[in-house]
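K.L.:
Just a sequence and a predicted model for now, questions to come.
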There are 2 protein chains.
Amino acid sequence: MCGGAGTRFWPFSRESRPKQFIDFFGTGQTLLQMTVERVRRLVPEENMIILTNERYADTVREQLPGISSEHILLEPARRDTAPAVLWAAHHIAARDPEASFVTLPADHVILKEIAFQEALHKGFEFIEKAERLLALGVPAKGPNTSYSYIQKGDNLDWNSSIFHIKTIAEKPSREMAEIFVKSGEFLWNAGIYIGKAKTVIDAFNRDVPDMASLFDVPADCYCGEKEVDFISDIYPKTSSLPVEYAIMDRAGNSYVLETNLGWSDLSTWNALHSISPKNKDGNVTQNCRALLYDSKNCIVAAEGDKVMVVSGLENYIVADTPSALLICPIEAEQRIRNIVNDIRQRYGTDLT
Amino acid sequence: MCGGAGTRFWPFSRESRPKQFIDFFGTGQTLLQMTVERVRRLVPEENMIILTNERYADTVREQLPGISSEHILLEPARRDTAPAVLWAAHHIAARDPEASFVTLPADHVILKEIAFQEALHKGFEFIEKAERLLALGVPAKGPNTSYSYIQKGDNLDWNSSIFHIKTIAEKPSREMAEIFVKSGEFLWNAGIYIGKAKTVIDAFNRDVPDMASLFDVPADCYCGEKEVDFISDIYPKTSSLPVEYAIMDRAGNSYVLETNLGWSDLSTWNALHSISPKNKDGNVTQNCRALLYDSKNCIVAAEGDKVMVVSGLENYIVADTPSALLICPIEAEQRIRNIVNDIRQRYGTDLT
């Protein structure tokens, strides 16, 4: 899934180039490419389906030349993850009614690749045995208010790391988030779901029948030109709903696998700072030649080999692109959204 | 005179592009072009002589297409102003032994153009009457330690603004500078000198005979190819000496005209900040689309139309070019020289 747009990493992320399409860490790979790379050993490329907004079609084709065009599903309207996952389930079931699949957000970072692969193995094994849906949950390390939380219910058996899902709560208040973390019952929701295609379709039929009925057509509608026409007709009629609310939170057969993936959804500069390697003064530098003097706990990010001289700053974001520079205290990063709005009003949408 | 190199305005000024060649205020004219513009009403272009280091020949020709190549004198070695002024005096005298001239540094700013033109008129009148050299001095507004100071001696007559020069002191200590300003006897030296070519040559003969003898050749040596060969032979042998030490400070016939030119030698970002128009928070923005939040007394400078978002900074320099960014407290700007050295050591001279 790589259809999201975002402004929180402006000036790096733009509406025309959201963060999944950026080489965020200067490794030579974008977050999307890293996501594909991460599952390549488990899932052959010909079995990968890319879901994205139609405006990013060219970007996806360019960044993933190994994925054939018929596996790139272009959303004709901006909706949340529920319609996207349901479409993918039908698209897959039309080819193999017994197929299983995993949904992966393409704009997250996962540092522990082996734990990730073990979790997927374990997850696929788990959902093959019965009609079940499985989410991956990460031990909550702090009261992050921009995350979705999964409350663990009963353990599947005494030594398992798989739990029934009791509830899912998105973007809690600070107070609630602190209670969640303290309770030890809540996991961060990594947005990774595993299930058989038909189990997912069944869950939608049961829990979101209005949306499900739109997609309920003969299998040959999920092929080639026919699929494009069909989707462009029904997709705009779907509700904007996240998949965890549509089915995971309601399905009695939904579970969570607790696993430490070294995961971050990279939703904020602060999140990026906390997972990145730091120098002795706590500074993170990305994609640039940085010279820091009297500076602590800063993120200094640029493009190419730019020389970034930062003197006398503590706890600041310095993010530079050829057309825009941002200098902002890390603690004030929620202001970036307003800044981007200001820029839109003053200078139009070119820069956002 | 536009041969100087400097790093104090890095990353804008580079050794390959010192500040006189930069459109510093985003007016569409470089400091050199503004200097030429400023005297165009008094001195026709065909009488202007540009003195610069040979490495800047192309830049000067490009920025001043109206000046013919034979009036661009290329210094084959880096020396201070004394050899440059002496060469200019000979070059001019070879064409007209009675000619007068004024030397103008091309990297200063003069805001009061009318006062400047009046001062030049008055100055030329003054030096035509007798064998005299005249400097322009500006009321010292503060104990700037990077300036040269001229101590006024006796007044020429009771209501004149022209004084004998008692002494010239360059880059005094802070304590000395404060005494200078308090005394009321000292002026900032604007580096502008007026005299007849032959008076200047006589002063060198008297005060710096070793340097003077190098230039003491028949007038036809100061023409075309012959001049180029001759200068490339003798110039490297001259001492690096500022003209005020070579002749102005010693010549018994040297005077200073006190005049308020709205002058700054633009030697520091702080100097730039103090002469520039500011918004209500004391911020100066140049050559960019700046959005400032919770920021005071900053200088935000870029190139082109870059969007510069600065949040939560007070008293900082933010200077951006495509290849380098500098963020530095204004009070720490003397550190820029060290920073530039660090960059040279790490990344070579391309960026400095």
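P.N.:
Everything's here; your move.
K.L.:
Can you give me the buried ones in stretch A:292-312?
P.N.:
Using 16 or more other CB atoms under 10 Å in any protein chain shown as the test for burial, stretch A:292-312 gives A:292-293, A:295, A:298-303, A:306-312. All C-beta atoms are positioned from the backbone trio N, CA, C, and that covers glycine.
K.L.:
from those, which is closest to residue A:318?
P.N.:
Taking CB to CB as the measure, residue A:318 sits nearest to residue A:300 out of these, at 4.7 Å.
K.L.:
The closest one should be in a strand, yeah?
P.N.:
Yes. Counting by DSSP: H, G, I helix; E, B strand; the rest coil, residue A:300 is located in a strand.
K.L.:
Tell me which helix or strand comes right after the strand ranked longest in chain A.
P.N.:
Here the longest strand in chain A is taken by residue count, with DSSP state E as the criterion, and it is strand A:186-196. Counting by DSSP states H and E, the next helix or strand C-terminal to strand A:186-196 is helix A:197-207.
K.L.:
Please name every helix or strand in contact with that following helix.
P.N.:
Judged by 3 or more CB pairs under 8 Å, 6 or more residues apart in numbering or on different chains; DSSP states H and E, the packing partners of helix A:197-207 are helix A:81-95, strand A:100-103, strand A:133-139, helix A:209-215.
K.L.:
make it 7 Å
P.N.:
Using 3 or more CB pairs under 7 Å, 6 or more residues apart in numbering or on different chains; DSSP states H and E as the contact test, the elements touching helix A:197-207 are helix A:81-95, strand A:133-139, helix A:209-215.
K.L.:
just to revisit the earlier point, which members of the buried residues of stretch A:292-312 additionally contact chain B?
P.N.:
A:306-312 (CB under 7 Å from any CB of the partner chain).
K.L.:
got these as CSV, with pLDDT and distance to residue B:269 columns?
P.N.:
Converted to CSV, those look like this (pLDDT from 0 to 100; distance: CB to CB, whole Å):
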residue, pLDDT, distance to residue B:269
A:306, 93, 20
A:307, 95, 18
A:308, 96, 18
A:309, 96, 13
A:310, 97, 16
A:311, 97, 12
A:312, 97, 14
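K.L.:
so what strands line up beside the longest strand of chain A?
P.N.:
strand A:100-103 (antiparallel), strand A:133-139 (antiparallel), strand A:148-155 (antiparallel) (DSSP bridges).
K.L.:
just those strands: most buried one?
P.N.:
Stretch with highest mean neighbour count among the strands paired with strand A:186-196: strand A:133-139 (a mean of 24; mean count of other CB atoms under 10 Å in any protein chain shown).
K.L.:
who touches that one?
P.N.:
With contact meaning CB atoms under 7 Å, 6 or more residues apart in numbering or on different chains, strand A:133-139 is reached by A:119, A:123, A:126-127, A:150, A:165, A:187-190, A:192-195, A:199-200, A:203, A:247-248, A:251, A:253-261, A:263.
K.L.:
contacting residues around the closest residue to residue A:98 other than its chain neighbours?
P.N.:
Once flanking residues are discounted, residue A:98 sits nearest to residue A:196: 7.0 Å by CB to CB, 6 or more residues apart in numbering or on different chains. Contact analysis of residue A:196 by CB under 7 Å, 6+ apart lists A:99-100, A:127.
K.L.:
Residue numbers of the stretch 151-300 of chain A in contact with chain B?
P.N.:
Residues of the stretch 151-300 of chain A that fall close to chain B, judged by CB under 7 Å from any CB: A:289, A:291.
K.L.:
Select the helix or strand of chain A having the lowest average pLDDT value.
P.N.:
helix A:269-275 (a mean of 85; mean pLDDT, DSSP states H and E).
K.L.:
What is that helix packed up against?
P.N.:
By 3+ CB pairs under 7 Å, 6+ apart, helix A:269-275 packs against strand A:299-301.
K.L.:
can you rerun that using 10 Å?
P.N.:
Helix A:269-275 sits against strand A:109-110, strand A:263-264, strand A:284-286, strand A:299-301, strand A:316-320, with contacts defined as 3 or more CB pairs under 10 Å, 6 or more residues apart in numbering or on different chains; DSSP states H and E.
K.L.:
between these, which gets nearest to residue B:108?
P.N.:
So among the helices and strands packed on helix A:269-275, strand A:316-320 is nearest, using CB to CB, at 31.3 Å.
K.L.:
ok, is the helix or strand following that closest one in contact with chain B or not?
P.N.:
Next along the chain after strand A:316-320, taking DSSP H and E as the criterion, comes strand A:324-329. Yes. Between strand A:324-329 and chain B, judged by CB under 10 Å from any CB of the partner chain, the touching residues are A:324-329.
K.L.:
And the residue nearest the centre of chain A?
P.N.:
When CA atoms, centre = their mean is applied to chain A, the residue found nearest the centroid is residue A:105 (3.1 Å).
K.L.:
Tabulate the CA atom coordinates of stretch A:85-105 in PDB.
P.N.:
Extracted C-alpha coordinates of stretch A:85-105, given in PDB (Å, rounded to 0.1, in the frame of the first residue of the first chain):
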ATOM      1  CA  VAL A  85      -7.600  -4.100   1.100                       C
ATOM      2  CA  LEU A  86     -11.000  -5.400   0.000                       C
ATOM      3  CA  TRP A  87     -10.100  -4.700  -3.700                       C
ATOM      4  CA  ALA A  88      -6.800  -6.500  -3.200                       C
ATOM      5  CA  ALA A  89      -8.600  -9.500  -1.700                       C
ATOM      6  CA  HIS A  90     -10.900  -9.800  -4.600                       C
ATOM      7  CA  HIS A  91      -8.100  -9.300  -7.200                       C
ATOM      8  CA  ILE A  92      -6.200 -12.000  -5.500                       C
ATOM      9  CA  ALA A  93      -9.100 -14.400  -5.000                       C
ATOM     10  CA  ALA A  94     -10.000 -14.000  -8.700                       C
ATOM     11  CA  ARG A  95      -6.700 -15.700  -9.500                       C
ATOM     12  CA  ASP A  96      -6.500 -18.100  -6.700                       C
ATOM     13  CA  PRO A  97      -9.500 -18.500  -4.400                       C
ATOM     14  CA  GLU A  98      -7.400 -20.200  -1.700                       C
ATOM     15  CA  ALA A  99      -4.600 -17.600  -1.700                       C
ATOM     16  CA  SER A 100      -3.300 -15.900   1.400                       C
ATOM     17  CA  PHE A 101      -1.900 -12.400   1.600                       C
ATOM     18  CA  VAL A 102      -0.200  -9.800   3.800                       C
ATOM     19  CA  THR A 103      -0.800  -6.100   3.600                       C
ATOM     20  CA  LEU A 104       2.300  -3.900   4.000                       C
ATOM     21  CA  PRO A 105       2.300  -0.100   4.400                       C
END
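K.L.:
Now do it, average pLDDT.
P.N.:
When pLDDT is averaged over stretch A:85-105, the result is 96.
K.L.:
in that stretch, what counts as buried?
P.N.:
Under the neighbour-count criterion of 16+ other CB under 10 Å, stretch A:85-105 has A:85-94, A:100-105 buried.
K.L.:
what's the closest of those to chain B?
P.N.:
Nearest to chain B among those is residue A:105, at 27.8 Å by CB to the nearest CB.
K.L.:
quick one: the residue nearest to the closest one when sequence neighbours are not counted from residue A:2, how far?
P.N.:
Sequence neighbours aside, residue A:191 is the residue nearest to residue A:105 in space, at 4.5 Å (criterion: CB to CB, 6+ apart). Plainly put, residue A:191 is 12 Å away from residue A:2 if you go by CB to CB, to the nearest Å.
K.L.:
Over to residue A:60?
P.N.:
In terms of CB to CB, residue A:60 sits 7 Å off from residue A:2.
K.L.:
before we move on, what about residue A:105?
P.N.:
8 Å.
K.L.:
one step back: counting neighbours, what do you get for the residue nearest to residue A:105?
P.N.:
For residue A:191, the count of nearby residues is 21 (other CB atoms under 10 Å in any protein chain shown).
K.L.:
just the one 10 residues further on next, same as before
P.N.:
As a burial measure, the neighbour count of residue A:201 was computed by other CB under 10 Å and equals 21.
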